[in-house]
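>>> What shape does this take:
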Amino acid sequence: MTRYDLAVVGAGPGGLAAALTAADGGLLVALIDGAPEAGGQFYRQTARRLRARRPERLHHAWSTWTSLRDRLADHRSAGRITFLTERHVWSVEPGDGAEAAEPGGFRIHALVGPEQTTSETVAASGLVLATGGYERVLPFPGWTLPGVLTAGGAQAMLKAGLALPGRRVVVAGSGPLLLPVASGLAAAGADVAGLYDSSDPRAFARHAAALVRNGEKLIEGAGYAARLTRHGVRIRFRHSITAAHGEDRVEAVTLAGPDGRERRIACDALAVSHGMLPHTEIAQTLGARLAADGSVAVDTEQRTGVENLWAAGETTGIGGASLSQAEGEIAGRSAAARLRDRAPAGLAAKQTRRRRLTAFAEVIQTTYTDPADWERRVTDETVLCRCEEVTAASVRESVSDLGATDLRTVKLLTRAGMGWCQGRICSPGVAGEQMRPWHQPMP
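Reported below is the predicted structural model:
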């Protein structure tokens, strides 16, 4: 079993930055990711067999990606980074398997390859978790129809497979992800029937100072909006999806406007998202504390409070690729010093950038809002837990008739959250039935 100074789980912007910075500092690094290529969701690469001629057209900040990619290639050639692709981490244990004279460290267990029939263990003195986030989708009647997918799923289809989810696509929900997804689909030739966001744009005016300090983010958003305008796609705020309709697949969606009036739009695909949630499972099993918003709590060096365990990127709070990269650089520099019993130097500028980007991320989280009274639009027949086929009626009965007062009890009474995804998809909907915080994980 090869031992490394540092293992980094996740090869998105945060994980890449952490691995590269740590290798710059002289550490021997193992970079572990489930995908066949580095980049994560933000820089998801097109399958090589498709031979994309202009992949940069599918990405924002392509020059940043090429810099990261080239640095990774240099470190791999020099033997400073071992990049373990298609490794699906299923468990991390404290202890690197060394003799008692060398206590500490971690053992990372991963299933190998697409088939996941064999396992591999990596040992390291330190660990950076850059496991990213996943999409949050609030339930509505028809959300389980074929053709209804997450906005990130539609983006992944386009980036990785050069495929469109449908010919006529509605993009709906809330959050900043909707803009690049709608823009990318329109540029790739889809007929985007509209972008419908439940948020009120007037809320941004209350945070003008934080927005002005992040001018590059405003320019980025304006660029997406301009591209949508060129393709004739209208952006409508204060509109929320109430239902998807169809037999074998989605054929139309119904959306409600600020005046309560509903409109029905024909489509063969719906890309929907209501924000993001951080992946925290590995950090929690290692004893890391969670912050009030459900993300992994870290200090100014991205340390979790568990010895030699750092976290960076969306797992410490949803904030986008730029913030993830800044956090990864801080974690990598801290690890390179702390694993050698030294105090890190040169962090001030990166921490200032992180604070500025974090302030912007907090604005985004507070201004993009859920549809009002979305729970009341969920019919009894609506499936909340797809894995176990638990309906809203079953969850409501567990609360009103059987006395369930928490998610664990609802889970035991209905099996909601017991399936393959372990509540990642259904927990917002189930929690909404109890008026509990949506970020609370299923027990």
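>>> CA atoms of stretch 253-273 as PDB?
Listed next in PDB are the C-alpha coordinates belonging to stretch 253-273 (Å, rounded to 0.1, in the frame of the first residue of the first chain):
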ATOM      1  CA  VAL A 253     -45.000  22.100 -17.500                       C
ATOM      2  CA  THR A 254     -47.200  24.500 -15.600                       C
ATOM      3  CA  LEU A 255     -45.700  27.600 -14.000                       C
ATOM      4  CA  ALA A 256     -47.200  30.200 -11.700                       C
ATOM      5  CA  GLY A 257     -46.400  33.900 -11.900                       C
ATOM      6  CA  PRO A 258     -46.300  36.600  -9.200                       C
ATOM      7  CA  ASP A 259     -50.000  37.300  -9.700                       C
ATOM      8  CA  GLY A 260     -50.900  33.700  -9.100                       C
ATOM      9  CA  ARG A 261     -51.900  33.100 -12.800                       C
ATOM     10  CA  GLU A 262     -50.600  29.900 -14.300                       C
ATOM     11  CA  ARG A 263     -49.300  29.200 -17.700                       C
ATOM     12  CA  ARG A 264     -48.700  25.900 -19.400                       C
ATOM     13  CA  ILE A 265     -45.700  25.500 -21.700                       C
ATOM     14  CA  ALA A 266     -45.100  22.600 -24.100                       C
ATOM     15  CA  CYS A 267     -41.700  20.900 -23.800                       C
ATOM     16  CA  ASP A 268     -40.000  17.600 -23.900                       C
ATOM     17  CA  ALA A 269     -37.400  18.300 -21.200                       C
ATOM     18  CA  LEU A 270     -37.400  20.200 -17.900                       C
ATOM     19  CA  ALA A 271     -34.100  21.200 -16.300                       C
ATOM     20  CA  VAL A 272     -34.800  22.100 -12.600                       C
ATOM     21  CA  SER A 273     -32.800  23.100  -9.600                       C
END
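>>> pLDDT below threshold where in the stretch 151-300 of the chain?
In the predicted model, the stretch 151-300 of the chain carries no residue with pLDDT under 70.
>>> Could I get the full set of strands for the stretch 201-350 of the chain?
With DSSP state E, counting those that start in this stretch as the definition, the stretch 201-350 of the chain shows strands at residue ranges 235-237, 240-246, 250-256, 262-266, 269-274, 276-278, 309-311.
>>> could those strands be laid out in CSV, adding mean neighbour count and distance to residue 211?
Quick note: C-beta positions are derived from backbone N, CA and C, even for glycine. Converted to CSV, the strands of the stretch 201-350 of the chain look like this (neighbours: other C-beta atoms under 10 Å; distance: least, C-beta to C-beta, whole Å):
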stretch, mean neighbour count, distance to residue 211
strand 235-237, 16, 16
strand 240-246, 21, 24
strand 250-256, 20, 27
strand 262-266, 13, 31
strand 269-274, 27, 22
strand 276-278, 22, 20
strand 309-311, 29, 27
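>>> if I look at residue 365, how far off is residue 359?
When C-beta to C-beta, to the nearest Å is the yardstick, residue 365 and residue 359 sit 11 Å from each other.
>>> same thing with residue 341?
Taken as C-beta to C-beta, the spacing of residue 341 relative to residue 359 amounts to 33 Å.
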